[in-house]
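Asks: Sequence first, predicted coordinates after that:
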Amino acid sequence: QVQLVESGGGLVQAGGSLRLSCAASGRTFSSYAVGWFRQAPGKEREFAATISRTGYITYYADSVKGRFTISRDNAKNTVYLQMNSLKPEDTAVYYCAARFTAVDMKVTTLSAYDYWGQGTQVTVSP
């Protein structure tokens, strides 16, 4: 079992930055790929970024590529999402999710993730 807790959301002006954190419980966190997803009001939850168990493999949705950076510190059982050049369309609840992987790989599909956090609100004002 893995429990995930997101933090770092808030209100920011367009062009600003935020760093989200996803803190995980469990001693085998380094065996899990982690993804960040987001859900805007009235829209489906969508993929934003993912990082492999070692951190060597990362992958981003086109909508955030070049602006967001995902990273992890397995010693701290934490994954981060650095969000720069934020836009009003980035406004959403951001969720982190984890999936056990036997090899170092990215996981981009929402349904592939087994564990989810409760989400943190990010609001970007014009």
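Replies: That came through fine. Computed from a predicted structure; not experimentally measured. Residues are numbered from 1 along each chain as shown.

Asks: any idea how far the residue most central in space within the chain is from Phe100?
Replies: Per Cα atoms, centre = their mean, the C-alpha nearest to the average position across the chain is that of Trp36, at 2.3 Å. Computed as Cβ to Cβ, to the nearest Å, the Trp36 to Phe100 distance reads 18 Å. C-beta coordinates here come from the backbone N, C-alpha and C atoms, glycine included.

Asks: do Val79 as well
Replies: According to Cβ to Cβ, Val79 stands 15 Å off from Phe100.

Asks: Counting neighbours, go ahead and name the busier of those two.
Replies: Relative neighbour count places Val79 above the other of Val79 and Phe100, with 29 against 13, counting by other Cβ atoms under 10 Å.

Asks: Can you name the residues bridging to that one?
Replies: The bridge-partner assignment for Val79, based on DSSP bridges, gives Cys22, Arg72.

Asks: My guess is it contacts Ser21. True?
Replies: Yes. Counting by Cβ atoms under 8 Å, Ser21 is a contact partner of Val79 at 7.5 Å.

Asks: tell me the contacts of Leu20?
Replies: Under the criterion of Cβ atoms under 8 Å, 6 or more residues apart in numbering, the contact list for Leu20 reads 6-9, 36, 80-81, 83, 94, 96, 120, 122.

Asks: ok, now with 10 Å
Replies: 6-10, 36, 48, 68, 70, 79-83, 94-96, 120, 122 (Cβ atoms under 10 Å, 6 or more residues apart in numbering).
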